[in-house]
Every structure is written in C-alpha cells, then in structure tokens.
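just need the structure, nothing else, for what follows:
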Amino acid sequence: MRYALRHMGLTGAMLVAAVPAFAASSPSDPLKSVMWDILRDQYFAGAPVVFDAAVKVTAPAAAEDTRAVPLSVDATALGQVVEMVAIADLNPFPLVLRYHPGTAAPYIATRIKIQQATAVRGAARTADGVWHVSGVLVDAAGGGCSAPPASYAQKDWADHVGEVQARLWPAGEDGVARLRLRIRHPNDTGLVDGIPAYFVETLQVDAQTPGGSPTLARIDSLEPVSENPVYSLDIRPPPDATALILRGRDNQGGEIHATIPMPPPGAKPAMSLKPAGQPWSVGQ
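Residues are numbered from 1 along each chain as shown. All right, here's what the predicted structure looks like:
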C-alpha cells in the first residue's frame, strides 16, 4: 500500500475522507474490488464514471507469467476518445499507463506486470468528460512487480537499452495502419532494495510529412508495463506521410528515437531492428 499511496499522492486522512464523498454518486463496481472507491477518486478526479461494455478489455483469466500479462483496451465503439487509462487495482503501482490517441484509433495493447490476483481495467474519456470503464479479473500467483528484470543477468544489457523493433502495416481503406513496437529496456519497478526504478516514461508517434511532423499519439507509461515493453497501436497517418517518427525517454533521461518508413500500399509489413536513433530501410 505504501507504494500505491506514493503514486496516488493522497495521505491516509485524505483517503478516508474521499471514499464516502463519492460512494453515493458512483455506480457500484461490477468487479467488487476493495480498491475501486480510492482509485476512482484519484484517477478520474470527480468526473462522471459509467461502467460500459463498449470498452473491451482483454486479458487472460489466469496469468501464466505475472511479469508479462497481455492486455488490450479497445474503445473504438465509443467513437472519438480523448484519453485512455489502464489500471491494475491491487498492484503496488495501480496506474499502468495513460494513452492519448490523438488522431489514432482508441485502441492499445501491451504487456503488464501483475503482483497478485486483481481487477484489471481500461477506461476511456470521451469529449463530454465522461469516463467509460470496463475490466476483467486476472488470477495470478503473484510477484510480477517485485521480480528483478531478466535483462540484468546479461552482461551487455546496458548496450541495448533503447533499441527499437517495429512492424508497420500499410493503411487500410479506413486510413488505419497497425503499428507494433518493442523497446529494449529493463523497465525496473524499483521494488528491489538498492535498485532504483528505471522505466520508459513517454513514447510519442509523429508523422514525417513534407509540411511538418504532426503528433499522432502519445503514451505516458509507468512501472507496471513489462520489461522490454511492447505496444500495438492503430495509427492514422496523413496520406502524404513518408515515415513515422518514434520519440521517447525513460525516467532517468535516456532518449528513444527511431524512424519507421511507411510501407507502400499492398506491401507486406517490414520488420527491422536498429539501435536507437538509427533509421530503418524497408525490407531489411
């Protein structure tokens, strides 16, 4: 709980006061989580909240590997979405990420750490300020957040931090192009004594066009995202885009940068691996 309070920024007295104030005005939690009242107050800041099956949250009923649990949140049925969040209620750090889809479709998939059996939620905020929330229960033996990263067992792990692997599909008739990313990074939670937290903090996808580099989507991620984080996004690049530009940083100031060429219509997705900051060529 100590770690959860640090992320929430609430004192114990504030928590006690906050729960009754919102309990009467919010629908009861269908997942019956003991943390729901506290998390709702912190992450949705008094905004209207509805439980809505239009938000599709997909995760396994039982986690095979608590260090890398697949999770997707799909809010495309809501139409225009301003912001999305993913939350694992009983994690030491409940907030997994915030996603700002911009012009992208409101869909994100990744892998997360689970410390114990918990409710896992996805929420999407529409332009009217309403948060639409859904979730599932994930059973887990525990320990995913407190386990040290496997990367540290490799002598050269630091030489590969920030490497990006990507696959980009051509845009379909709807203008949506699937982008899959993998970033080499330990994403350490800092829960092991003497080892500081070390994780990817932000990722931004821009379009490279003759007229500039508009931002298409942004991810603000936190400790529960798995080691070597992976993401699937549905991007809507401008018709004149020649490439996607990935920019990011970790919480210790390390930078992430990659250029991902747009595949021509009808082409198979190109897949490449280059150190951070070095561009790809299609077909490598």
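
quick one, what contacts T103?
Going by C-beta atoms under 8 Å, 6 or more residues apart in numbering, T103 touches P214, L216, A217, R236. All C-beta spots, glycine's among them, are computed from the backbone N, C-alpha and C.

again, 7 Å this time
L216, R236 (C-beta atoms under 7 Å, 6 or more residues apart in numbering).

could you look up the SS state of it?
Secondary structure assignment for T103 (DSSP: H, G, I helix; E, B strand; the rest coil): coil.

okay, now the unreliable bits of the stretch 151-284 of the chain?
270-284 (pLDDT under 70).

mind redoing it with 90?
192-194, 264-284 (pLDDT under 90).

can you give me the strands in it?
If DSSP state E, counting those that start in this stretch is used as the criterion, the strands of the stretch 151-284 of the chain fall at 164-168, 177-183, 200-208, 215-221, 230-235, 243-250, 255-261, 270-274.

what's the closest of those to R40?
Proximity to R40 (C-beta to C-beta) singles out strand 215-221 among the strands of the stretch 151-284 of the chain, at 19.4 Å.

which strands border the closest one, and is each parallel or antiparallel?
Strand 215-221 has its sheet partners listed here by DSSP bridges as strand 95-100 (antiparallel), strand 200-208 (antiparallel).

what's the end-to-end length of stretch 65-72?
Using C-alpha to C-alpha, to the nearest Å, one end of stretch 65-72 lies 16 Å from the other.

can you list contacts of that stretch?
Contacts for stretch 65-72 (C-beta under 7 Å, 6+ apart): 58-60, 63, 86, 108-114, 120, 138, 140-144, 147, 226-227.

beta partners of the residue most central in space within the chain?
In the chain, the residue lying closest to the centroid (C-alpha atoms, centre = their mean) is L97, at 4.2 Å. For L97, the beta-bridge assignment (DSSP bridges) gives partners A86, S221.

what's the helix or strand hosting R125 in contact with?
Using DSSP states H and E, R125 maps to strand 118-126. Residues from elsewhere that reach strand 118-126 (C-beta under 7 Å, 6+ apart): 31, 33, 55, 57, 59, 71, 73, 75, 78, 80-91, 106, 131-138.

before we move on, back to that, closest to G102 out of the strands of the stretch 151-284 of the chain?
The nearest among the strands of the stretch 151-284 of the chain, by C-beta to C-beta, is strand 215-221 at 4.9 Å.

compute the inter-axis angle for the closest one and strand 243-250.
Interaxial angle of strand 215-221 relative to strand 243-250 (axes from the mean of the first three to the mean of the last three C-alpha atoms, to 10 degrees): 20 degrees.

low-confidence ranges, the stretch 1-150 of the chain, go.
Those would be 1-27, 45-46, 141-142, if you go by pLDDT under 90 across the stretch 1-150 of the chain.

now the helices: where do they sit in it?
2-8, 12-23, 36-44 (DSSP state H, counting those that start in this stretch).

for the strands of the stretch 151-284 of the chain, which one sits closest to V192?
strand 243-250 (17.3 Å).

residues in contact with the closest one?
Outside strand 243-250, the residues touching it (C-beta under 7 Å, 6+ apart) are 164, 168, 179, 181, 185, 198-208, 213, 235, 237, 255-262.

tell me which strands it pairs with, and in which orientation.
For strand 243-250, pairing defined by DSSP bridges yields strand 200-208 (antiparallel), strand 255-261 (antiparallel).

just to revisit the earlier point, can you redo the strands paired with strand 215-221 as CSV with distance to D174?
Output for these, formatted as CSV (distance: least, C-beta to C-beta, whole Å):
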stretch, distance to D174
strand 95-100, 20
strand 200-208, 17
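
circling back: next one: the residue nearest to the centre of the chain from P106, what distance?
Computed as C-beta to C-beta, to the nearest Å, the L97 to P106 distance reads 13 Å.

whichever of the contacts of strand 243-250 end up buried, select them in PyMOL.
Restricted to buried positions by 16 or more other C-beta atoms under 10 Å, the PyMOL selection for the contacts of strand 243-250 reads:
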select buried, resi 164+168+179+181+185+198+199+200+201+203+204+205+206+207+208+235+237+256+257+258+259+260+261+262
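
quick one: distance of the strand holding R125 to the chain centre.
11 Å (C-alpha atoms, centre = their mean, to the nearest Å).
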